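1. The sequence and its predicted three-dimensional model are supplied below.
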Amino acid sequence: MNFDWTKDEAELIKRVAGLWDEAALADLAALETAALETGDGSDLAALTRKQIGRLAEAGAFAVAVGPSAKAETLRWMALMENVAQASGSLLLAAESSVRLFGGLLAGWGGGPLANLLGQVVSGEAIGALALSEPGGNQPQTGGRTQGRKEGDGYRVTGTKGFVANGPMADMIAVSGQVEGKTAFFLVQPGQEGVKIGPRMATLGYNGLAVSTLDLDHAFVPADRVIGPLADDEAVRFLHTVQDLILVAASLGVMIRTHNEANAYSRTYHRGAKPIYSHQEVRFKLADTFTLMQTSQLLAYRAAWFQATGEKEAPVLIHAAKVFTAEAAEKVSSLAMQILAGRGYVMGNPVERGYREAKFAALAGTTSEVARMSIAEDVLRRFPVA
Amino acid sequence: MDFALTEEQVMFRDQVLKFAKKEIAPRCQEHDLKAEFDWEAWRKMGEFGLLGLHFPEELGGGGADVMTSVLAAEALGEAGVDGGLTLSLGAHTYLCADTIFRHGTEEQKKRYVPRLASGEWVGCMGLTEPGAGSDAASLKTRAIRQGDAWVLNGGKIFITNGSIAQVAVIYAKTNPDAGHAGISAFIVEKGTPGFSVSRNLHKMGCRTSPTSVLSFDDCVIPAENLLGVEGNGFFMSMQTVEWDRSTLLAPFIGAVAFCLERSARYAQERVQFGRPIASFQAIRRKLADMKIFMEAARSLVYRIAWCKDQGRPVNHLEAAVAKLFMGDWSLAPANDAVNLHGGYGYCHEYDMERVFRDSRLAPIGGGTSEVQRVLISRLM
């Protein structure tokens, strides 16, 4: 057992942390209010591409892309935590592109798609993954998006909701079914039959562009199709990656809001002394710190389970997802209470974190589904004596 | 970072679990009802080597690392060993024997550690007083040097193992004007004139572990019974309470694992409305929450064990975080386990009510949750 980062891990974390200079932080702050595309270099698409490119240059995408790089999951978690601390929106945009879209290509793409993977990992291209549907997620429902063989390709029809990076992606991988088997169809904006919905207004992560996607008999050539696949391993892989990203997002929310509340408590005075000196305040900070550290250790352990192929990895990841998501809601709420009126004003890190915290519990594997899955495992492990 | 346990650690944990399920756990309910220390279980644990696991073999210990000791303690809880017995073990091994091992002279180590490690003698530690608990600087017990002896006067309260211990590590003021630097530690043996146990306290949980009130009335001990350096007692006591916040927490994690296993099996047996209650999501949610808590708590406790194995003497922040989390969040799983068992959960026969009572000590013993919050907010 070793609770210290190794030299390699520490160096990578340091390199990524070094990206967040004053200018980068200004860009990240601007992300939250930026319009999608204005063409003047200050829009959301341009700012996101710029920061994803910087992450790529720092080596952030040289690890843990695709199922064969599973052994690097713990290092990846540490990286994500660092990015999430700087900006949750950037984390979700970058990871949706590289480790969801790119991870799919790395694991199941091959052939002509290898070039596309290179562009995504280098930050030249932005990818997106369209999994969820208005009627439910795969593999639980099997998915309603259908591909029908036609000549040297497939004619695809279906609707997807909540596509992260959808409005600014160069390429979108859309999950669907071909004669009952899972397939992923790679489509491009502007392609005939591909309609990307308007950018959605969301409660949090306002620096992330999310949209719906409609495919109306869109033709996808065979060399842009992954599958039909023999099993749902790819879907399971993507759900796991999604959950780990959301765990990191929750860590980021906690670190940002706890740090802000802690700093504020030392400078804001009440009764001629900093509010930190009042137990009502500092006990809240002790709770936020405890929840944050507990969450970090559980997240690292879950990532390590995944990296080492431990049998219980899926349970640990679900446990980490539920715990960190709920802890993030609690921590951001306590932080806002400490900042009082200032915390309630739009635009400060605590207010932003408070809005963002909710997302992790309802995205990916929801807390309800994760709890059901954990309980199922427990009952299997301890049958009637 | 690496969370792997060694093969030896896993093997030993499994051995302890098996041993405790067979030899110790079946005895616990009866002794808990009688509020009686289980000498037979103590003897068996001594024979198995559980009472001095981390001491060197030449002193009668098992030569294990702290992590192994934590795993063993967790396994005891998981087997269903009551909180009283694990509390007695903790006070004996870590609060008493370990303090002598770390700070004692060679003579002191040779005299006490082997006897404690084998279980031949029981040890206790006396820090808390009626007017001084977490605020150790306000101790009133005095130790005055008189020639080749120290004379102790004062009283201690909430002393685990007090009435059954042959040896006690006692903290007293040697210089009342020096604050923390005026506290020293002493070894006091049972039978020393002036040292007596006034009474045992009746407790809500951990009932098999005697909790005593100690009195020192012109208690004269030899000068060589000073433990460590005079005036260094506060530092030693802080090292000691760190054990309270690490190894001694491990059985609580084990107890949650015990609740989880019992609850999962019961939920699949118990039929209501024509189907096992395990089929209701409200029941499954409780099982999931127990599991989530257990996994979250594990890393915190393992981290302190690892820090200690790295030779880091003081890990107050890590220890306080683990103690606060265990203390304030561990009540929910025990409460859920009682509820899941319904009326049976409220009765002795199903063990859950005992675990519920035992777990109530977690936010109190070894420094209350409030004290942990003070520490965390100061150190973070």
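-> That came through fine.
2. Give me the buried positions along stretch A:313-331.
-> Buried residues in stretch A:313-331, counted by 16 or more other Cβ atoms under 10 Å in any protein chain shown: A:313-329, A:331. In this view, the C-beta of every residue, glycine as well, is placed from N, C-alpha and C.
3. so where's the chain uncertain?
-> Using chain A. Counting by pLDDT under 70, the ranges of chain A that qualify are A:137-142.
4. Please parse it into its domains.
-> Domain assignment for chain A by automatic domain parsing gives A:7-121, A:127-226, A:233-381.
5. Export the ones you listed as CSV, with columns for distance to chain B.
-> CSV is the format used below for those (distance: least, Cβ to the nearest Cβ, whole Å):
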stretch, distance to chain B
domain A:7-121, 6
domain A:127-226, 16
domain A:233-381, 4
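6. quick one, strands of the chain?
-> Since you didn't name a chain, this refers to chain A. Applying DSSP state E to chain A gives strands spanning A:127-130, A:146-150, A:153-164, A:171-178, A:181-187, A:194-196, A:210-221, A:225-226, A:269-270, A:273-274.
7. hm, I was asking about chain B
-> Counting by DSSP E, chain B has strands at residues B:123-126, B:142-146, B:149-160, B:167-173, B:183-189, B:195-200, B:211-222, B:226-227, B:271-272, B:275-276.
8. Quick check: which of those is nearest to chain A?
-> Closest approach to chain A among these (Cβ to the nearest Cβ): strand B:275-276, 8.6 Å.
9. quick check, that closest one touching chain A?
-> No: figure legend: strand B:275-276 not in contact with chain A (Cβ under 8 Å from any Cβ of the partner chain); closest approach 8.6 Å.
10. Quick check: can you name the pairing partners of that strand and their directions?
-> Strand B:275-276 has the following sheet partners, assigned by DSSP bridges: strand B:271-272 (antiparallel).
11. any idea how far the partner strand is from the chain center?
-> Relative to its chain's centre, strand B:271-272 lies at 39 Å (Cα atoms, centre = their mean, to the nearest Å).
12. Report the rounded mean pLDDT for that strand.
-> Confidence over strand B:271-272 (mean pLDDT, whole number) is 95.
13. now do stretch B:279-292
-> For stretch B:279-292, the per-residue pLDDT averages 98.
14. Mind splitting chain B into its structural domains?
-> Using automatic domain parsing, the domain parsing of chain B gives B:7-121, B:124-233, B:245-379.
15. Format the strands of chain A as JSON lines; extra columns: mean neighbour count.
-> Output for those, formatted as JSON lines (neighbours: other Cβ atoms under 10 Å in any protein chain shown):
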{"stretch": "strand A:127-130", "mean neighbour count": "28"}
{"stretch": "strand A:146-150", "mean neighbour count": "16"}
{"stretch": "strand A:153-164", "mean neighbour count": "21"}
{"stretch": "strand A:171-178", "mean neighbour count": "24"}
{"stretch": "strand A:181-187", "mean neighbour count": "23"}
{"stretch": "strand A:194-196", "mean neighbour count": "20"}
{"stretch": "strand A:210-221", "mean neighbour count": "19"}
{"stretch": "strand A:225-226", "mean neighbour count": "21"}
{"stretch": "strand A:269-270", "mean neighbour count": "12"}
{"stretch": "strand A:273-274", "mean neighbour count": "12"}
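16. Export the domains of chain B to TSV and append columns for distance to A:Ile275 and mean neighbour count.
-> Shown next, in TSV, are the domains of chain B (distance: least, Cβ to Cβ, whole Å; neighbours: other Cβ atoms under 10 Å in any protein chain shown):
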stretch	distance to A:Ile275	mean neighbour count
domain B:7-121	37	21
domain B:124-233	24	19
domain B:245-379	12	21
